[in-house]
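A.B. asks: I'd like to go over a predicted model; first the sequence, then the structure.
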Amino acid sequence: MPHPLLPKLEAVARQTCAAHGCELRGVALLSHRIPMTLQVLVQRASGGEITLDNCAALSPPLAEALESEGLLTDEAYVLEVSSPGIGEELRDDRDFRSFRGFPVAVHFRDATGSASRCEGLLLERTASELQINQRGRTKRIPREAVIQVLLVTPAVES
């Protein structure tokens with residue numbers, strides 16, 4: 001069950017990100033950690049890469065906004081501001097352009113309707129299909145069959 005403060009935390013993070021030229025990609029409140037951790041994933045609104053300096057610059061205004069809203073005042077917490085990375089889901093066209101050539105895992109429905117998974121290097125997503133490179137061959141998956149596309153660590157071949 002999601003933490004009851006999550007919608008308020010997301011709203012504050014979204015507003016603060018927008019004011020600093022960033023776009024909110026996700027918020028997670030990890031209350032099982034000691035101290036509790038608030039993870040905020042951001043990307044540049046312009047579509048450019050977000051740097052460590054960008055994340056560090058966003059952290060103080062975000063902490064101040066959370067403080068002024070009176071959120072998370074009951075216990076200590078750690079604020080982590082970062083960019084989406086390995087294990088993150090690719091969602092919009094910008095994600096698919098930005099991560100061309102990166103290793104991905106694709107979850108999709110095969111011709112029989114069964115859930116399947118394959119890995120390869122992301123080539124392209126068009127209006128009709130997703131294309132990945134699997135050992136030099138292009139695998140084409142109909143876009144309507146794609147369930148989820150995740151960034152993964154590259155497979156190491158021995």
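C.D. replies: Now that the structure is in, tell me what you want to look at. Numbering: from 1, shown residues only.
A.B. asks: going forward, measure contacts between C-alpha atoms and count neighbours the same way
C.D. replies: Will do.
A.B. asks: so how far is residue 93 from residue 78?
C.D. replies: Distance of residue 78 to residue 93, given as CA to CA, to the nearest Å: 32 Å.
A.B. asks: which of the two has more residues huddled nearby?
C.D. replies: Between residue 78 and residue 93, counted using other CA atoms under 10 Å, the more crowded position is residue 78 (15 against 11).
A.B. asks: now the element after the helix or strand that that one is a member of, going C-ward?
C.D. replies: Per DSSP states H and E: residue 78 is located in strand 77-82. Per DSSP H and E, the first helix or strand lying C-terminal to strand 77-82 is helix 93-98.
A.B. asks: that next one: what's the following helix or strand?
C.D. replies: On the C-terminal side of helix 93-98, the closest following helix or strand by DSSP H and E is strand 103-109.
A.B. asks: give me the distance between the strand holding residue 78 and the centre of its chain.
C.D. replies: Mean-position distance between strand 77-82 and its chain equals 15 Å (CA atoms, centre = their mean, to the nearest Å).
A.B. asks: helices or strands up against it?
C.D. replies: With contacts taken as 3 or more CA pairs under 8 Å, 6 or more residues apart in numbering; DSSP states H and E, strand 77-82 sits against strand 36-44, helix 52-68.
A.B. asks: most packed of the ones you listed?
C.D. replies: strand 36-44 (a mean of 20; mean count of other CA atoms under 10 Å).
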